[in-house]
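**Student:** With the sequence up front, the predicted model follows.
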Amino acid sequence: MELITAFMIGLVGSLHCLGMCGPIAVALPLKKHSWSMKVAGGLLYNMGRITTYALMGAIFGLLGLGIALAGFQQWASIGLGILMIISVLFPVIFREKIKIDKIFTGYAGRLIGRFRVLFSDGSMGSLLGIGLLNGLLPCGLVYMALAGAINTNDVLLGMVFMIMFGIGTTPALLALSLAGNVISTQLRRKVSKVVPVFIVILGIIFILRGMSLGIPYISPPPEKLELHQGSGMKMEMNTSEPCCH
């Protein structure tokens, strides 16, 4: 269920994130290559993004594991859900007065500046490198996916969660890199209105999950949220028997 959610976050939100990644996808040095090489280059670029997402997923999955070990798993889920909802309501409440994106403008500018060498290279390896760096660009959609990776409470699951998210974003970005500005601005605007609603719904699900109301598939009871080992067995301490004989 979590992996399907990750894929849907990427798929539904991919047109929205074209505002940041779209110009890079369109500018990829693919024009001089044959059609088959263009496809291979586009896939390498997306593989680079997904690789970065996977590494980030492992880190945030480890963070989630630490939160679970500390016994704050339910509160973390509620907190992440609240942050998701606030991220949507904040721009609406303050409109154009305060822009969160400006905080990352300098960082994004420096990162994009490092793309220039790779773009001038034009080799297949450079396309992979562009994708790796692209995964580090500030993006609200990626932050939302990372919140889901934290909620997996597992390094491997966090990694797979972000891989599925990356796969979900690939069709739109691959089409854009191969066919140029194939997705109209009007369509992007329509989708951008749907994405905030999707984020709010996901935030509500995170909050309900943390509240452990016993709702099937959405808010499991507390015992179902207990930390599990990789083998699927509960980590329990047997206190009924003495440790020494």
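**Tutor:** Structure's in. What do you need? Numbering: from 1, shown residues only.

**Student:** Who are the packing partners of the helix of greatest length in the chain?
**Tutor:** Criterion DSSP state H: the longest helix present in the chain is helix 35-69. Applying 3 or more CB pairs under 8 Å, 6 or more residues apart in numbering; DSSP states H and E, one finds that helix 35-69 contacts helix 73-94, helix 124-134, helix 140-151, helix 155-179. Heads up, the C-betas are built off the backbone N, CA and C, glycines and all.

**Student:** Thr52 versus Phe165, what's the distance?
**Tutor:** Using CB to CB, to the nearest Å, Phe165 is found at 11 Å from Thr52.

**Student:** Show me which of those two is the more surrounded one.
**Tutor:** It is Phe165, of Phe165 and Thr52, that has more neighbours when counted by other CB atoms under 10 Å, with 30 against 20.

**Student:** is it true that the more buried one touches Met8?
**Tutor:** No: contact criterion CB atoms under 8 Å: Phe165 and Met8 do not qualify, at 9.1 Å.

**Student:** what number of residues lie near Ile82?
**Tutor:** As a burial measure, Ile82 scores 15 neighbours (other CB under 10 Å).

**Student:** Same question for Gly203.
**Tutor:** Using other CB under 10 Å, Gly203 has 23 other residues around it.

**Student:** Can you tell me the element it falls in?
**Tutor:** In this structure, Gly203 sits in helix 185-211 according to DSSP states H and E.

**Student:** so who does the spatially closest residue to His33 that is not a sequence neighbour touch?
**Tutor:** The shortest distance from His33 to any non-neighbouring residue, by CB to CB, 6 or more residues apart in numbering, is to Gly41 (6.2 Å). Residues in contact with Gly41, defined by CB atoms under 8 Å, 6 or more residues apart in numbering, are 28-30, 33, 124, 127, 177.

**Student:** ditto for Gly148
**Tutor:** Gly148 makes contact with 2, 5-6, 9, 161, 165, 202, according to CB under 8 Å, 6+ apart.

**Student:** swap the cut-off to 6 Å and go again
**Tutor:** 6, 161 (CB atoms under 6 Å, 6 or more residues apart in numbering).

**Student:** shaky segments in this structure?
**Tutor:** Low-confidence regions of the chain, defined here as pLDDT under 70, cover residues 1, 15-20, 70-71, 90-113, 180-192, 195, 215-245.

**Student:** From Gly41, how far off is Lys31?
**Tutor:** Separation of Lys31 from Gly41 (CB to CB) stands at 10 Å.

**Student:** er, Met164 actually
**Tutor:** 23 Å.

**Student:** if I look at Ile163, how far off is Tyr53?
**Tutor:** For Ile163, the distance to Tyr53 (CB to CB) stands at 7 Å.

**Student:** what does Leu44 give?
**Tutor:** Distance, Leu44 to Tyr53, by CB to CB: 15 Å.

**Student:** With neighbour numbers in mind, choose between the two.
**Tutor:** Comparing Leu44 with Tyr53 by other CB under 10 Å, the one with more neighbours is Tyr53, at 27 against 18.
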